[in-house]
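model the structure of this input:
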Amino acid sequence: MPYKIQNITAQIIYKLYSDGNLDKAVLASARSCAAITDRKAQKVWPIMLASLDDNMLSRTGEPTYSETAIYSAIHFYAIYQQGKEVLVYGNSGSEVNDDGLQLFQTLANLRKRDETRIALDRRVQAILGTTNITSLINGLTHLIEILKSNYMSNNLQKIDFAKLASDLYKFQLGYEYANEVRLIWGQQYFRTAVQSNKSEGDKE
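Numbers count the residues shown, from 1 in each chain. The predicted structure follows:
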């Protein structure tokens, strides 16, 4: 299921970006609402819910793990994409044309800056200590905003929001799965920052 979550999230992001013809109304709604149950989030429903398999949809009105994970990733993407014409989503795989990094790899690069390290460490450690999905989403929202404000407009590192969706799905499956996700995030953040030429400013 996590791999399917990842693929569906990527498809939705590409639809919202639409080769540079961004669906600004839907993105604005996604950006302003952290939860799929928020009233303004309903503008996202047509494009998102139509992309989900039947077994991913709620039968009770309580969002499923899939709905929560995918919507949250769209929310993060919408925040990061605001004001940018170039697509800010990128795959973090190993192919030559994969130009994204996972979120905590990107944060590790920002951690190299002395002026941001202490505050960033504090926020990341709070996230790595939480077991509550709502607190996690709120914390990740702040981290996305920090990344956006600290990267120059012409050098915004692409982030793999689809992989983040699959992580969020796994996080909700239980305590052991959440521990696995947090450990991977911690490894990505605290190890030596990724030396990458994947950012837009490094491309010719």
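
gap between the two ends of stretch 32-45?
14 Å (Cα to Cα, to the nearest Å).

39 is where my numbering starts, stick with that
Shifting the count to begin at 39 puts that one at stretch 70-83.

got the contact list for that stretch?
63-64, 67-68, 86, 101, 105-106, 109-110, 112-113, 172, 175-176, 179 (Cβ atoms under 8 Å, 6 or more residues apart in numbering). (Glycine included, C-beta is placed from N, CA and C.)

give me the neighbour count for the closest residue to Phe228 other than its chain neighbours.
Nearest non-adjacent residue to Phe228, counting by Cβ to Cβ, 6 or more residues apart in numbering: Ala146, 7.5 Å away. Using other Cβ atoms under 10 Å, Ala146 has 21 neighbouring residues.

so after the helix or strand containing Ala146, what's the next helix or strand?
Taking DSSP states H and E as the definition, Ala146 sits inside helix 141-148. Sequence-wise, the next helix or strand downstream of helix 141-148 (DSSP H and E) is helix 152-166.

other SSEs contacting that following helix?
helix 141-148, helix 171-188, helix 213-228 (3 or more Cβ pairs under 8 Å, 6 or more residues apart in numbering; DSSP states H and E).

so how far is stretch 140-160 from its chain's centroid?
Relative to the centre of its chain, stretch 140-160 is centred 16 Å away, using Cα atoms, centre = their mean, to the nearest Å.

for that stretch, buried residues please.
Gln140, Leu141, Phe142, Gln143, Thr144, Leu145, Ala146, Asn147, Leu148, Arg149, Thr154, Leu158 (16 or more other Cβ atoms under 10 Å).

alpha carbons of it, as CSV, please.
Taking C-alpha atoms only, stretch 140-160 is exported to CSV below (Å, rounded to 0.1, in the frame of the first residue of the first chain):
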residue,chain,number,x,y,z
GLN,A,140,13.3,13.4,0.8
LEU,A,141,12.1,16.0,3.2
PHE,A,142,14.6,15.3,6.0
GLN,A,143,17.5,15.1,3.6
THR,A,144,16.6,18.6,2.5
LEU,A,145,16.4,19.7,6.1
ALA,A,146,19.8,18.2,6.7
ASN,A,147,21.3,20.5,4.1
LEU,A,148,19.7,23.5,5.7
ARG,A,149,21.1,22.3,9.1
LYS,A,150,24.6,23.1,7.8
ARG,A,151,23.8,26.8,8.4
ASP,A,152,24.9,27.9,11.8
GLU,A,153,22.2,30.5,12.1
THR,A,154,19.4,28.0,11.6
ARG,A,155,20.7,24.8,13.2
ILE,A,156,19.6,25.3,16.8
ALA,A,157,16.0,26.3,16.0
LEU,A,158,15.7,23.6,13.3
ASP,A,159,17.1,20.9,15.6
ARG,A,160,14.5,21.8,18.3
